[in-house]
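Novice: Sequence plus the predicted model coming up.
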Amino acid sequence: MTNILITGINGFVGAHLAEYLSRNENNKIYGLMRSEKHDSTFNALSLHNRKNISMIYGDVYIYTLIEEMIVQYNINEIYHLAAKVIVRDAAKSPLTTCMINANGTLNILEAVRLMKAQYNSYIPTLIMSTDKAYGSSDNLPYKETHPLNANDIYSSTKAIQDILARTYANQYELPITVARPCNTYGEYDFNWSRIVPSIAKSCFDRNEIDKPLVL
């Protein structure tokens, strides 16, 4: 049995990942979510009905909760996806954004480090960064060798997360991987502010020939 922790399991990526991993009956998934929303990808995929998915409610920036979960459920893998992800919302709440994106990630990393130091347990961990950590650049397309040059609260906190994860991986020799996805989209994406789902929705909603595709 592989015990898997997914933070932000009710988000778009987290829910689809949980759905995929839960197909394997040998996986036991523990999902951390801050709050539950009716129009979430998690609910749309009916993941509450999966016997090998258990929910834990709490905040990723509370360190004791993270450490207790990892020890209590003997976690073997971690997918850290929890984040404040809407750029406009992040700008309005910089303190909360820093607590979730930066401090939350630090808690995951520190718990993983202590599991190695105290129990000689190596937990493969994925930290979900973003291409926005690169900031603005005239040299496109982005490459992994591009410097991180974030210039807003959301992007800066994700860049901090990114740097911390790679630092822990290198300094403490931990099995940590950082991913920097761009615009993700797909089934049951309820964030209509992104370009692909917004265009698709406009096409489906278009009733008049002179109605613009994107409002």
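Specialist: Thanks, I have the structure now. All figures in this text were calculated on a predicted structure; none of them were measured in a lab. Residues are numbered from 1 along each chain as shown.

Novice: Let me see the ranges of the strands in the protein.
Specialist: With DSSP state E as the criterion, the chain has strands at 2-7, 27-33, 53-57, 77-80, 125-128, 176-179.

Novice: which residues are contacting the third one?
Specialist: Contact partners of strand 53-57, identified using C-beta atoms under 8 Å, 6 or more residues apart in numbering, comprise 9, 18, 22, 28-36, 47-48, 65, 69. The C-beta positions use only the backbone N, C-alpha and C, and glycine is treated the same way.

Novice: what sits against Leu32?
Specialist: Contacts of Leu32 by C-beta under 8 Å, 6+ apart are Leu5, Ile6, Thr7, Gly8, Ile9, Ile56, Tyr57, Gly58, Val60, Met69, Ala82.

Novice: Could you check how many residues crowd around the fifth one?
Specialist: Neighbour count of Ile9, defined by other C-beta atoms under 10 Å: 26.

Novice: next one: the second one
Specialist: Applying other C-beta under 10 Å, we find 26 residues neighbouring Ile6.

Novice: Thought Glu19 was touching it, still the case?
Specialist: No. With contact defined as C-beta atoms under 8 Å, Ile6 does not count as touching Glu19 (10.7 Å).

Novice: Against which helices or strands is the lengthiest helix in the chain packed?
Specialist: Counting residues, the longest helix in the chain under DSSP state H turns out to be helix 153-171. The contact analysis (3 or more C-beta pairs under 8 Å, 6 or more residues apart in numbering; DSSP states H and E) places helix 153-171 against helix 87-92, helix 94-97, helix 104-119, strand 125-128, strand 176-179.

Novice: residues in contact with that helix?
Specialist: Counting by C-beta under 8 Å, 6+ apart, 83-87, 90-91, 94, 97-98, 100-102, 105-106, 109, 112-113, 127, 129-130, 132-133, 135, 148, 150, 174-178, 180 sit against helix 153-171.
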